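Undergrad: Sequence isn't available, so here's the structure alone:
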C-alpha cells in the first residue's frame, strides 16, 4: 500500500466499495455509488417517440434533459412497480453524459470489495450490462454495468451528435 495515501482513503479501501442495492421483482442488483450522481423520487417524464418501450422518457432536471430508462422493463419486459421505494437514479454514462434509471426498492447500500463479484459463466448476450454476481446470506446480488446499458442504436436515438452531449 502506498504510504503517501491518506489514512482515510486507506481505511475506505480496506472496507471495500459502496453499492446502491435495488430489486427487479425478486432479483437483487447493485450499482456502484461512484456512478451515481443523484437519487430522486419518481418524476414526470416526457415520452420519446419511436423509442423502445423500456425508455421511460426525458427528465428536465437542473437545466439538462436526461434520458431515463426503466431497468425492470429493459431487463424483464415489465415496468417498475409504482412504490414509494421506486427511485429515479441519475448516473454517469459513457464519459460526460447523464442517464436516468428507474429502480425499484433502491433504498439500501452495501459495502464490499469489488472482487467479491465473480463471473457466473452465463453469456448475457442481449444484456451485456448484467455484470458479475456476489453471493451472500440473502442469495445472489448482480452488479449492473452502466456504460453497457444501451444498445448502440438506442444510444444514437437518445444522444444526438450534439457537442454538449444533450439529448435531442
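TA: Cool, the structure landed. Keep in mind that this is a model prediction, so the values were computed, not measured.

Undergrad: Output the below-cut-off pLDDT ranges for the protein.
TA: 1-14, 124, 161-168 (pLDDT under 70).

Undergrad: same thing but 50
TA: Residues of the chain meeting the criterion pLDDT under 50: 1-12, 162-168.

Undergrad: any chance you could map the strands in it?
TA: With DSSP state E as the criterion, the chain has strands at 17-24, 27-32, 36-41, 55-61, 64-70, 87-93, 97-112, 130-136, 139-144.

Undergrad: From the contact counts, what lies against the third one?
TA: Right, the one you point to is strand 36-41. strand 87-93 (3 or more CB pairs under 8 Å, 6 or more residues apart in numbering; DSSP states H and E). C-beta: built from backbone N, CA, C; applies to glycine.

Undergrad: one step back: I'd like the strands of the chain written out as TSV, with mean neighbour count added.
TA: As requested, these are arranged in TSV below (neighbours: other CB atoms under 10 Å):
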stretch	mean neighbour count
strand 17-24	21
strand 27-32	20
strand 36-41	14
strand 55-61	19
strand 64-70	22
strand 87-93	22
strand 97-112	20
strand 130-136	17
strand 139-144	18
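
Undergrad: Out of those, which is closest to residue 158?
TA: strand 64-70 (4.1 Å; CB to CB).

Undergrad: Paired strands for that closest one, with orientation please.
TA: In the sheet, strand 64-70 lines up against strand 55-61 (antiparallel), strand 97-112 (parallel) (DSSP bridges).

Undergrad: Could I get the phi/psi values of the residue nearest to residue 74 when sequence neighbours are not counted?
TA: Distances taken as CB to CB, 6 or more residues apart in numbering put residue 54 closest to residue 74, at 4.0 Å, once the chain neighbours are dropped. Residue 54 has phi and psi values of phi -80, psi -10 when expressed as degrees, to the nearest 10.

Undergrad: Compare the strands of the chain and give me the one nearest residue 76.
TA: strand 17-24 (6.1 Å).

Undergrad: Does that closest one pack against any helices or strands, and if so which?
TA: Packing partners of strand 17-24 (3+ CB pairs under 8 Å, 6+ apart): strand 27-32, helix 71-76, strand 97-112.

Undergrad: Need the nearest residue in space to residue 71, chain neighbours excluded.
TA: The nearest residue in space to residue 71 (CB to CB, 6+ apart) is residue 101, at 5.3 Å.

Undergrad: on that earlier part again, need the strands paired with strand 64-70 in JSON lines (columns: distance to residue 159).
TA: Compiled in JSON lines, these are given as follows (distance: least, CB to CB, whole Å):
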{"stretch": "strand 55-61", "distance to residue 159": "11"}
{"stretch": "strand 97-112", "distance to residue 159": "6"}
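
Undergrad: Sweet, I'm off.
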